[in-house]
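Asker: Sharing a model prediction with you, sequence too.
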Amino acid sequence: MRKKELHMPGYRTQVLVNFVVRAVIGTALIFFVNQFLNARGIDIRVGMNPVTVVTSGVLGTPGVALLYGISFYRGF
């Protein structure tokens, strides 16, 4: 990223909106995947807390998959 790009009007707003959208979608994804796994009788869950919201906001869907991978690994 060039220095000039950081001073573009609306750049910070764009980054913040992008973070919020990913956090909301990630939190919804966690909720629905938890429901799906619970209905199937699979005892792997990811809690919805500030750490998971920030993780999904920063990393997006791969971050949610990472959280489930960690939860799956801790289950064994």
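Answerer: Looks like it came in fine.
Asker: just for this structure, where's the confidence low?
Answerer: Where the chain drops to pLDDT under 70, the residues are 1-7, 76.
Asker: could you pull out the helices for it?
Answerer: Here the chain has its helices, by DSSP state H, at 11-39, 50-59, 61-74.
Asker: What is the neighbour count of Tyr68?
Answerer: Using other CB atoms under 10 Å, Tyr68 has 18 other residues around it. Backbone N, C-alpha and C define where each C-beta goes, glycine included.
Asker: Oops, could you answer that again for Leu59 instead?
Answerer: Neighbour count for Leu59, taken as other CB under 10 Å: 15.
Asker: Quick check: the gap between it and Asn38.
Answerer: Separation of Leu59 from Asn38 (CB to CB, to the nearest Å): 24 Å.
Asker: Verify the contact between Val20 and Gly57 for me.
Answerer: Yes. Counting by CB atoms under 8 Å, Val20 does reach Gly57; the two are 7.1 Å apart.
Asker: Between these two, which is the more surrounded one?
Answerer: Neighbour count, other CB under 10 Å: between Val20 and Gly57, Gly57 has more, with 19 against 11.
Asker: which residues touch that one?
Answerer: Each residue near Gly57 by CB atoms under 8 Å, 6 or more residues apart in numbering is listed here: Phe19, Val20, Arg22, Ala23, Gly26.
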